[in-house]
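Novice: heads up, no residue letters with this:
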């Protein structure tokens, strides 16, 4: 079999594996907290925010800006963690393949 044929089969296999990994990532989740645990954000490893929990004690109207900052911080952390997991999983797929750009 020619090297192009082998490469095409390898690419097709990688695409199938990538699809499986993406499905698995959508099922995995990560959590991040902010404000000493007053805010907890859960994200799926495909990057979607799936839950936000706020400790009722953090709901002081006078501290609305602080709560907003804690939410943004926890969301960013959750998305960063999800991205790290996704990159790690996809990196395993492409390592050793020798394909440029992957």
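Specialist: On my side now, so go ahead. Owing to the predicted nature of the structure, the values given are computational and were not obtained by experimental measurement.

Novice: Three-state assignment for the residue nearest to the spatial centre of the chain, please.
Specialist: Of all residues in the chain, the one closest to the mean position by C-alpha atoms, centre = their mean is residue 82, 2.1 Å from it. Taken by DSSP: H, G, I helix; E, B strand; the rest coil, the conformation at residue 82 corresponds to helix.

Novice: now for the helix or strand of the chain with the lowest mean pLDDT, which elements pack on it?
Specialist: The least trusted helix or strand in the chain, going by mean pLDDT, DSSP states H and E, turns out to be helix 3-27, with a mean of 85. The contact analysis (3 or more C-beta pairs under 8 Å, 6 or more residues apart in numbering; DSSP states H and E) places helix 3-27 against strand 39-44, helix 64-94. Glycine gets a C-beta too; all of them are placed from N, C-alpha and C.

Novice: pLDDT score for the residue lying closest to residue 75 once chain neighbours are set aside?
Specialist: Nearest non-adjacent residue to residue 75, counting by C-beta to C-beta, 6 or more residues apart in numbering: residue 41, 5.1 Å away. Predicted confidence (pLDDT) for residue 41: 94.

Novice: so residue 41 makes contact with residue 52?
Specialist: Yes - using C-beta atoms under 8 Å, residue 41 is in contact with residue 52, at 5.3 Å.

Novice: Give me the more crowded residue out of those two.
Specialist: Neighbours per residue, other C-beta atoms under 10 Å: of residue 41 and residue 52, the larger number sits with residue 41, 26 against 14.

Novice: which strand residues sit across from the more buried one in the sheet?
Specialist: Following DSSP bridges, residue 41 is listed with bridge partners residue 32, residue 52.

Novice: and it, what is it in contact with?
Specialist: By C-beta atoms under 8 Å, 6 or more residues apart in numbering, residue 41 lies in contact with 31-34, 49, 51-53, 71, 74-75, 77-78.

Novice: Only the buried subset of the residues you listed, as a ChimeraX command please.
Specialist: Of these, the buried ones go into a single ChimeraX selection, burial set by 16 or more other C-beta atoms under 10 Å:
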select :32,33,34,71,74,75,77,78
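
Novice: that older thread, overlap in contacts, residue 41 and residue 52.
Specialist: 71, 74, 75.
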